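Trainee: Here's a sequence, model it:
(2 chains)
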Amino acid sequence: MSEVTSSQDELSEVDTLYRRLSASDPGRPGEWVRRKVQAYAAQQAAERAVRDSAKGKEAATPAPAAAAPAPAPKPAAPTTPAIETKQTSSKSWLIPVAAGGVIMAGLIAYFAVPHGTTPGDTTAVAPPVPAPTPEPATSQAEQQPAAQVAQAPSASEPPPSPPAAQASEPEPPPQATSGAQTPPSQSAAAADEPHTSSPAPAEHTQSPAAQAPAKPRVARQNTPAPPNVSTAQSSSPTSVRPEPAPPAPSAANNPAPTSTPVPSPETRQAAVAPTPPPPAPAPAPTQTAPTPAPAATAAPISPPEDFYRAAESGDLAKLKDVLETNVDVNALDPKGHTALILAIQRGRTDTVKLLLAHGANPNQPDAHGTSPMSAAYARGDLQITHALQRSVKK
Amino acid sequence: MEESDEALVGRYVRGDATAFDQLYKRHELRVWRYLQRNVRDQDTADELLQEVWFALARNAASLESTTRFRTRLFTLAYDRMAESLRTRPPAEDSQAGTANGLAHTIADLPREQREAYLLQMEGQLSVGEIAEITESTIDTANTRLRQARLKLRELLNEKS
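Mentor: This is a model prediction of the structure:
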């Protein structure tokens, strides 16, 4: 008994000695770790806040959207709604998801009610507005962003003129009624109005939904199919902004979960492929740059060593040369690195974008378990991080 | 009175980034020592430390109302360390320069004993938690801890 206790004491002395020696050990983690962790934590907190607010507002939007056709009070003050829409559309850049819903509700209510009511009962709405409107109409048009003026205001300009003129015009009523009666057309409206705001909301309404189940360890790279990209492009003749311009905030949880990210760039290729097969059309300005090389029939070959060095050094010309030769962009170099991660670690933003555009997998870790996203975070490079997030979303 | 880890996590999840800073400062050194004395390399320990805290920041929402924060923290550290050792075996003598050679002595322990002992000393975890993290039984964890102490006493006596 006493032997046991004495040996216990001796063993606890070991612990005491360990603590004493440990306390005098001068070893400390690098200061850079603290800085990076703090920066990353702050970024995560901010992104989470945006996500949460988006979710909250998204949950709130269905009610106004559904109720949008009903409330008639708005048309009573025709000038203010225009200003409201402008304000909200500018807000939508800041809080895309939430504001997108609000804008749509506002637009639907604004466009729907006047046109929808004019044919039937002109008594309530028509009298107050008739004569003075022409000049405010122009001022409204000036206030609207160019793209919006092209579509929405064009429909809203006619109303100022006497109701008779409205009735003669065939266009406004159908547009208004379609927008008003069918709430589901929100998505279509989102794809159409978008010039200024909708590309963002359209993506957001998807992405938060995809992110909602956010379970940390489970890799959720289920990249939402990009239908809205194609629809937005095809259905936007007046669109000034061809790029979907994905918003920064939403992709928060894309960062590869600790260990296993494995999405497939092929899905992305397949989604984009149907439209234009040619790999690099010369005139195409910026549109959807990330049109990867067409799914070649021949198996891609391993890139030469120069390819990785070019990725490191940011030699775009060399990279483009190699990329035209049907190489496997995601292949590992002899040291187990991908070209994408090498470029990220050197902070080569343009190179990263080029590689992503040619099908580099933003979720593929290298042989050391480093994912592109973690490499970007480790470097603290927001531009690259956003480029990756955008690519992941696609 | 000091705010609990779990309360700080809650604050961070609700958007207070300073809460995370407090958590980090509170546990930084112990986690780093745990990592560094296992992988025996300062740079690798730094990298792993960063990865652990990045993962915590990313998954903070899931930390709420689960296990104790410290258990989760050292579970992550253990996982990352084990993964690192799989791909990069520890450097042989990179501890030689440390002031009191403690890390060097610890490094002489068999790996499983060292992991268990460091989880207890640096992580201040219970035997049950150590068993859970190392995916062993409580008896096994107890045995490893005891053997680790015996071996350490022997090593420290030799050196003194």
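Trainee: Point out where chain B drops to low pLDDT.
Mentor: B:65-66, B:90-101, B:160 (pLDDT under 70).
Trainee: In it, which residue sits closest to chain A?
Mentor: Nearest to chain A in chain B, going by Cβ to the nearest Cβ, is B:N59, at a distance of 3.3 Å. To be clear about C-beta, it is placed using only N, CA and C from the backbone, and glycine gets the same treatment.
Trainee: give me phi/psi at that residue?
Mentor: Per-residue torsions, B:N59: phi -110, psi 30 (degrees, to the nearest 10).
Trainee: pLDDT weak spots in chain A?
Mentor: In the predicted model, chain A carries pLDDT under 70 at residues A:1-8, A:10, A:57-298, A:377-382, A:393-394.
Trainee: so A:N363 makes contact with A:S391?
Mentor: No. Using Cβ atoms under 8 Å, A:N363 is not in contact with A:S391, being 9.1 Å away.
Trainee: Compare neighbour counts for those two and give me the winner.
Mentor: A:S391 (28 against 23; other Cβ atoms under 10 Å in any protein chain shown).
Trainee: Let me know whether the more buried one touches A:P362 as I believe.
Mentor: Yes. At 4.4 Å, A:S391 and A:P362 qualify as touching, with contact defined as Cβ under 8 Å.
Trainee: any common contacting residues for the two?
Mentor: A:L356 (Cβ atoms under 8 Å, 6 or more residues apart in numbering or on different chains).
Trainee: What sits closest to the residue nearest in space to the middle of chain B if chain neighbours are left out?
Mentor: Per Cα atoms, centre = their mean, the C-alpha nearest to the average position across chain B is that of B:Y34, at 3.8 Å. Distances taken as Cβ to Cβ, 6 or more residues apart in numbering or on different chains place B:E122 nearest to B:Y34, at 4.2 Å, with adjacent residues excluded.
Trainee: try A:A339
Mentor: A:A339 sits nearest to A:A311 (Cβ to Cβ, 6+ apart), 3.9 Å away.
Trainee: Next up, the contacts around that neighbour.
Mentor: Shown in contact with A:A311 (Cβ under 8 Å, 6+ apart): A:319, A:339-340, A:342-343, A:346, A:348, A:351, A:355.
Trainee: Against chain B, how distant is it?
Mentor: Distance of A:A311 to chain B, computed by Cβ to the nearest Cβ, to the nearest Å: 22 Å.
Trainee: Next up, the contacts around the residue nearest to B:Y34.
Mentor: B:30-31, B:33-34, B:37, B:74.
Trainee: go again using 6 Å as the cut-off
Mentor: Going by Cβ atoms under 6 Å, 6 or more residues apart in numbering or on different chains, B:E122 touches B:30, B:33-34.
Trainee: Need the three-state assignment for B:E2.
Mentor: On the three-state scheme (DSSP: H, G, I helix; E, B strand; the rest coil), B:E2 is labelled coil.
Trainee: now A:P26: how far from B:V39?
Mentor: For A:P26, the distance to B:V39 equals 18 Å [Cβ to Cβ, to the nearest Å].
Trainee: my bad, should have said A:P300
Mentor: Going from A:P300 to B:V39 by Cβ to Cβ gives 36 Å.
Trainee: try A:R35
Mentor: Here the criterion is Cβ to Cβ. By it, A:R35 lies 22 Å from B:V39.
Trainee: the more surrounded of the two?
Mentor: Taking neighbours as other Cβ under 10 Å, A:R35 and B:V39 compare with B:V39 leading, 23 against 11.
Trainee: Look up phi and psi at the more buried one.
Mentor: Dihedral angles (degrees, to the nearest 10) for B:V39: phi -90, psi -20.
Trainee: do the same with A:D321
Mentor: According to degrees, to the nearest 10, A:D321 has phi -60, psi -50.
Trainee: Look up how far chain B lies from it.
Mentor: Distance from A:D321 to chain B, by Cβ to the nearest Cβ: 33 Å.
Trainee: interface residues of chain B facing chain A?
Mentor: B:15, B:17, B:20-21, B:24, B:32, B:46, B:49-50, B:53-55, B:57-59, B:62, B:99-100, B:102, B:121, B:149, B:152-153 (Cβ under 6 Å from any Cβ of the partner chain).
Trainee: Inside strands: which ones of the residues you listed?
Mentor: Counting by DSSP state E, none of the members of the residues of chain B next to chain A fall within strands.
Trainee: Of those, select the buried ones using a PyMOL command.
Mentor: In PyMOL, selecting the buried portion of the residues of chain B next to chain A, with burial taken from 16 or more other Cβ atoms under 10 Å in any protein chain shown, looks like this:
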select buried, chain B and resi 17+20+21+24+32+46+49+50+53+54+55+57+58+59+62+102+121+149+152+153
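Trainee: among the residues of chain B next to chain A, which are in helices?
Mentor: The helices, defined by DSSP state H, take in B:17, B:20-21, B:24, B:32, B:46, B:49-50, B:53-55, B:57-58, B:62, B:102, B:121, B:149, B:152-153 from the residues of chain B next to chain A.
Trainee: domain parsing for chain A?
Mentor: A:54-213+A:224-247, A:262-275+A:299-394 (automatic domain parsing).
Trainee: Right, I'll call it a day here.
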